[in-house]
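Novice: based on what follows, work out the 3D shape:
(one chain, ligands or ions: 2)
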Amino acid sequence: MSTITLGIIGGGQLGSMLAIAAKKLGVNTIVFCDDVDAPAQNFCDKFVCSDYTDKDNIIEFVNQVDLVTYEFENIPYETLSEINKLKIVLPKPSVNRLIQHRLAEKDFVNKLNIRTTRYVSIKEKSEIEALDDFLPGILKTVTLGYDGKGQYPINSIDELNKLDVDFSKGYILEKLVKLKKEISIIITRFDNSKYEIYEPIENTHQDQILKYSKIPADISEKIFKQSKDWAIMISEELKYIGTLCVEFFIDRNENLYVNEIAPRVHNSGHLTINAYNISQFENHIRAVCGLEQVHLKKISNATMLNLIGDQIIPYRERKKFENNEFFFDYLKKEIKKKRKMGHLTTLV
Ligand code: ADP
Ligand code: MG
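Specialist: Residues are numbered from 1 along each chain as shown. Ligands and ions are numbered 1, 2, ... in the order given. As a prediction, this is how the structure comes out:
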């Protein structure tokens, strides 16, 4: 069989790890990203730096690849559907369009009889004043948010009045869940009822950004099973191909909620690189490229610490790591506050 060339849209750390996994499987990669400093250019076979809406550059890119995938969800739908006229795009652009819109995403999950937080669409500030039943809550932009960006926690109407929110964008107001824990499930679907699923990962956030993940998650058997069942239902309903992550909340009464779906590999799954025989990245490449499905085997329990902003510095300076420690530096040129710079996985 001739070598497959996979196009990857997005060149952050997830793109790097996809390119590394592809190389291991003998798949060539071309990364397309609008950031001239994109870390994934260090790991792919070819790098194209361009705006995501530049038609000529997109067509030139598409002509060089056999199929296209992506490492982040905020890609314009028009871009993905234009590409899909020429080459296969996986996951399907329609799946990405659904999930990148918080309201459409939550409506979809509720239709499957799966619990989400209570939510309401907000177009104008005055609407919130009549909805104090949803407070304390979090106001979120319906599109383009990530790592807590575009989110405003609000306890009262007074607090809302003090905030400078641009209501020309669409918002969703979510009732705040009294969290006991957060977990995520990563699943790679190959075909109808053919998937590989990782065990639930327990996640701790700081300022709405993932800080720490671990397996095993300290959860009941019921939550363990329900979270896996729901992730399977979601991926089957979407007829999804590739790796998908479902983020969950568990409240103080042991109720499970779907928080959001990521139609891609996920930060909480970094530990799968070292803790399993096949990582979430390798599984994604296997699924989208139609390669062999290999059954998952866990090698070890693990923890993962995200290194955000200048937290990376002492790790860069450290000369020696223990045999069970794996340090990843994303090779980002500039250290910025709240920017994910690297992570440390420890097998335990
Ligand atoms: P992002 O797209 O930025 O990941 P999320 O909706 O996942 O946005 O929110 C980020 C984090 O903020 C969550 O993981 C959780 O810790 C907190 N959070 C968001 N919405 C709620 C909510 N309704 N109740 C409680 N915590 C929330
Ligand atoms: Mg999230």
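Novice: ok, Glu71 to Gly11 distance?
Specialist: Separation of Glu71 from Gly11 (CB to CB, to the nearest Å): 8 Å. In short, each C-beta sits where N, CA and C put it, glycine included.
Novice: just the pLDDT at the closest residue to Ile157 other than its chain neighbours, thanks.
Specialist: Leaving aside its sequence neighbours, Ile157 sits nearest to Glu129 (CB to CB, 6 or more residues apart in numbering; 5.7 Å). For Glu129, the model assigns a pLDDT of 83.
Novice: cool, Met1 as well?
Specialist: 63.
Novice: one more: Thr141?
Specialist: We have a pLDDT of 93 for Thr141.
Novice: next: Gly150.
Specialist: 82.
Novice: how about the contacts made by it?
Specialist: With contacts defined as CB atoms under 8 Å, 6 or more residues apart in numbering, Gly150 is in contact with Lys140, Thr141, Leu144, Lys169.
Novice: what sits against the nearest residue to Ile9 once chain neighbours are set aside?
Specialist: Nearest in space to Ile9, with sequence neighbours left out and distances taken as CB to CB, 6+ apart, is Tyr70 at 4.1 Å. By CB under 8 Å, 6+ apart, Tyr70 lies in contact with Ile8, Ile9, Gly10, Leu80, Val89, Asn96, Arg264.
Novice: try Ala217
Specialist: Lys181, Ile183, Glu199, Pro200, Ile201, Glu202, Phe224.
Novice: residues of stretch 150-164 that come out buried?
Specialist: Using 16 or more other CB atoms under 10 Å as the test for burial, stretch 150-164 gives Gly150, Tyr152, Ile154, Leu160.
Novice: what of stretch 87-97?
Specialist: In stretch 87-97, the ones that count as buried by 16+ other CB under 10 Å are Val89, Leu90, Pro91, Lys92, Pro93, Val95, Asn96, Arg97.
Novice: how many residues are close by the closest residue to Val142 other than its chain neighbours?
Specialist: In this structure, Val142 finds its nearest non-sequential neighbour in Gly170, 4.3 Å apart by CB to CB, 6+ apart. Using other CB atoms under 10 Å, Gly170 has 15 neighbouring residues.
Novice: and Gly170, how far is that from Pro153?
Specialist: On the measure of CB to CB, Gly170 and Pro153 end up 18 Å apart.
Novice: check Ile9 too.
Specialist: For Ile9 relative to Pro153 (CB to CB), the value is 32 Å.
Novice: go on, Pro39?
Specialist: For Pro39 relative to Pro153 (CB to CB), the value is 31 Å.
Novice: residues of the protein that sit close to ligand 1?
Specialist: 117, 138, 145-148, 174, 176-177, 179, 182, 205, 208, 247, 259-260 (CB under 6 Å from any ligand atom).
Novice: ramachandran angles for the residue nearest to Ile157?
Specialist: phi -60, psi -30 (degrees, to the nearest 10).
Novice: over to His284?
Specialist: phi -60, psi -50.
Novice: that one contacts Ala19, doesn't it?
Specialist: No - contact criterion CB atoms under 8 Å: His284 and Ala19 do not qualify, at 11.4 Å.
Novice: what about Glu236, distance to Cys245?
Specialist: For Glu236 relative to Cys245 (CB to CB), the value is 16 Å.
Novice: pick out whichever of those two has more residues nearby.
Specialist: More crowded of Glu236 and Cys245, by other CB under 10 Å: Cys245, with 22 against 15.
Novice: list the residues that contact the more buried one.
Specialist: Per CB under 8 Å, 6+ apart, neighbours of Cys245: Ser184, Ile185, Ile186, Ile187, Ile261, Ala262, Arg264, Val265, His266, Ser268, Gly269.
Novice: hmm, try it at 10 Å
Specialist: 184-187, 198, 201, 231, 260-269, 280 (CB atoms under 10 Å, 6 or more residues apart in numbering).
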